[in-house]
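Engineer: mind folding the following:
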Amino acid sequence: MAAERYLERAPIKEAIIDIRVTSPEQVTIEDLGRGFAALKSDYPNKSELTQGSFGIRIDKGQTVSTSMEQSIEGYRYASTDGTQVVQFRSNGFTFSRLEPYQTWKQMKQEAERLWPIYVENVNPQKIVRVAIRYINVMPIPLPFGEFGNVLTAPPQMPDGLSQGVSSFITRIVTKNNDIDATAITTQAFDTIDNNRAPITLDIDVFADREFLPEEPTFWDCLEQLRIFKNEIFFKSITEKTAELFE
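Structural biologist: Here you go, the predicted structure:
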């Protein structure tokens with residue numbers, strides 16, 4: 001495993017803060033879109049978030065009719081350069097920072113600035129889940145030998161079978177009882193790209209806990225989730241891998 005430290009060239013494709021809420025039944029699509037006035041100077045690109053449903057009616061074993069419906073569940077607001085995106089939905093708020101990643105402090109500060117705008121327009125009753133997700137794509141130069149030279153828990157083939165792995169995906173769910181949080185860690189590799197092996201390390205950490213929207217304690221919970229995420233990241237890669245991104 002690698003020692004925890006700041007990586008100047010961290011391989012983060014996207015970092016996400018997600019806050020799930022319960023909202024009043026009377027929240028409307030107009031409420032979700034009203035925040036655009038306060039956002040458009042920094043997030044001028046507005047688009048709809050839609051949700052589709054498909055139905056089939058069967059009578060006496062025969063399909064009588066089918067139906068497909070789409071509804072708007074919120075709005076997506078993006079910065080001019082596309083590196084920052086915020087979503088306002090009836091069931092939650094999501095802030096994303098795409099590459100080039102800056103720092104957790106900058107990301108959290110921007111989410112904290114945007115959150116009151118969401119609260120003012122949606123008036124959520126309570127927060128029911130908080131999460132952070134970091135999608136890392138590590139372009140490992142070839143040749144690197146075995147995957148164990150890159151990852152501390154690489155995929156393992158049974159003895160006696162070919163050890164030549166051309167693609168893989170693993171998914172592990174772990175629990176941190178100290179902070180009552182869950183992590184879903186996904187490792188994946190598919191194809192060689194430009195003489196490099198892009199290995200994905202996707203870490204999704206969340207806590208199903210209730211908070212009042214106007215109280216700042218849930219930001220402290222997000223800080224704990226970030227610490228848990230960092231622990232998973234550095235314990236999942238080798239020191240040699242970490243050195244590639246310093």
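
Engineer: from here on, contacts and neighbour counts on C-alpha atoms
Structural biologist: Noted.

Engineer: surely Leu225 and Phe206 touch.
Structural biologist: Yes: at 6.9 Å, Leu225 counts as touching Phe206 under the criterion of C-alpha atoms under 8 Å.

Engineer: now the terminal residues of stretch 7-27, how far apart.
Structural biologist: End-to-end span of stretch 7-27 (C-alpha to C-alpha, to the nearest Å): 42 Å.

Engineer: now the helices for this protein?
Structural biologist: Applying DSSP state H to the chain gives helices spanning 29-33, 36-39, 104-122, 217-236, 239-243.

Engineer: follow-up on the earlier one: pull up the overlap in contacts between Leu225 and Phe206.
Structural biologist: Common neighbours of Leu225 and Phe206 (criterion: C-alpha atoms under 8 Å, 6 or more residues apart in numbering): 131-132, 181.

Engineer: give the contact list for the residue nearest the centre of the chain.
Structural biologist: The residue lying closest to the centre of the chain (C-alpha atoms, centre = their mean) is Arg133, at 3.4 Å. Residues in contact with Arg133 (C-alpha under 8 Å, 6+ apart) are 15-17, 202-205.

Engineer: mind checking pLDDT for it?
Structural biologist: Note for Arg133: predicted pLDDT of 98.

Engineer: relative to Ala131, how far out is the closest residue to it other than its chain neighbours?
Structural biologist: The shortest distance from Arg133 to any non-neighbouring residue, by C-alpha to C-alpha, 6 or more residues apart in numbering, is to Asp204 (4.2 Å). Applying C-alpha to C-alpha, the value for Asp204 to Ala131 is 7 Å.

Engineer: which residues touch Gln187?
Structural biologist: Contact partners of Gln187, counting by C-alpha under 8 Å, 6+ apart, are 168-171, 199-202.

Engineer: most neighbours out of these, which is it?
Structural biologist: Within those, neighbour counts (other C-alpha atoms under 10 Å) peak at Leu201, which reaches 25 neighbours.

Engineer: show me what that one is bridged to.
Structural biologist: Asn136, Gln187 (DSSP bridges).

Engineer: which outside residues touch stretch 30-45?
Structural biologist: With contact meaning C-alpha under 8 Å, 6+ apart, stretch 30-45 is reached by 46, 74-80, 85, 88-90, 117-118, 121-122.

Engineer: residue boundaries of the strands in this structure?
Structural biologist: Along the chain, counting by DSSP state E, strands occupy 12-22, 45-59, 62-78, 84-89, 92-98, 126-141, 168-176, 181-189, 196-207.

Engineer: quick check: pLDDT value at Ser53.
Structural biologist: On the pLDDT scale, Ser53 is placed at 50.

Engineer: could you list the low-pLDDT ranges of this structure?
Structural biologist: 52-70, 161-163 (pLDDT under 70).

Engineer: hmm, 90 instead?
Structural biologist: 23-29, 31-32, 50-73, 145-146, 155-166, 190-194 (pLDDT under 90).

Engineer: what's the neighbour count on Ile29?
Structural biologist: Neighbour tally, Ile29, other C-alpha under 10 Å: 18.

Engineer: scratch that, Leu212
Structural biologist: Residues within reach of Leu212, counting by other C-alpha under 10 Å, total 14.
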